[in-house]
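J.: Sequence plus the predicted model coming up.
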Amino acid sequence: MTTVAIDLPDEAFSALKRPPPEFGRRLRLAAAIHWYARGEMSMEKAALIAGLDRADFLAALAAEQVEVFEVDMESLQRELARG
C-alpha cells in the first residue's frame with residue numbers, strides 16, 4: 001500500500017470538529033465520492049480509496065444524495081413500451 005502525506009494547518013481539523021484520523025477518513029471518502037460522481041473512477045476503485053466495501057460505499061453515496069444509476073429516458077421509454 002502507498003502512503004500519501006498531506007500537510008494541513010491545525011485549524012483545518014477544527015472546521016469539522018474531528019481529530020486528525022477521523023478527518024483523514026472523511027477526506028478519503030469525500031475524494032472518492034467526488035471522483036466517482038464525476039465519472040473519473042469506478043465504484044470499485046472509489047470504494048477502495050474510501051476504505052469501504054461496495055455496500056458501505058453505496059450507503060455513503062445515498063447519504064450524500066449522489067446518483068448511482070443514470071437513467072436514459074429514451075431507453076426507459078422503449079423498455080416501458082415493450083412491457
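T.: Nice, thanks for sending it over.

J.: Send over stretch 74-83 as CSV, restricted to the C-alpha atoms.
T.: As requested, the backbone C-alpha atoms of stretch 74-83 are provided in CSV (Å, rounded to 0.1, in the frame of the first residue of the first chain):
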residue,chain,number,x,y,z
GLU,A,74,-35.3,7.2,-24.3
SER,A,75,-34.2,3.7,-23.3
LEU,A,76,-36.6,3.8,-20.4
GLN,A,77,-39.5,4.8,-22.6
ARG,A,78,-38.6,2.0,-25.1
GLU,A,79,-38.5,-0.6,-22.3
LEU,A,80,-41.8,0.6,-20.9
ALA,A,81,-43.4,0.4,-24.3
ARG,A,82,-42.3,-3.2,-24.7
GLY,A,83,-43.5,-4.1,-21.2
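
J.: how close does the residue positioned nearest the centre of the chain get to residue 59?
T.: In the chain, the C-alpha closest to the average C-alpha coordinate belongs to residue 33, at a distance of 1.9 Å (Cα atoms, centre = their mean). Per Cβ to Cβ, to the nearest Å, residue 33 is found 12 Å from residue 59. Where you see a C-beta, it was placed from the backbone N, CA and C, and this is true even at glycine.

J.: and for those two, which residues touch both?
T.: Common neighbours of residue 33 and residue 59 are not found (criterion: Cβ atoms under 8 Å, 6 or more residues apart in numbering).

J.: which secondary structure element contains the residue nearest to the centre of the chain?
T.: Using DSSP states H and E, the element containing residue 33 is helix 20-37.

J.: Residue 49 is in contact with residue 25, correct?
T.: No. Using Cβ atoms under 8 Å as the test, residue 25 is too far from residue 49 to be in contact (11.2 Å).

J.: OK, contacts around the residue nearest to the centre of the chain?
T.: Taking Cβ under 8 Å, 6+ apart as the criterion, residue 33 is in contact with 46, 50, 60-61, 64, 66.

J.: One more pass at 6 Å, please.
T.: residue 64 (Cβ atoms under 6 Å, 6 or more residues apart in numbering).
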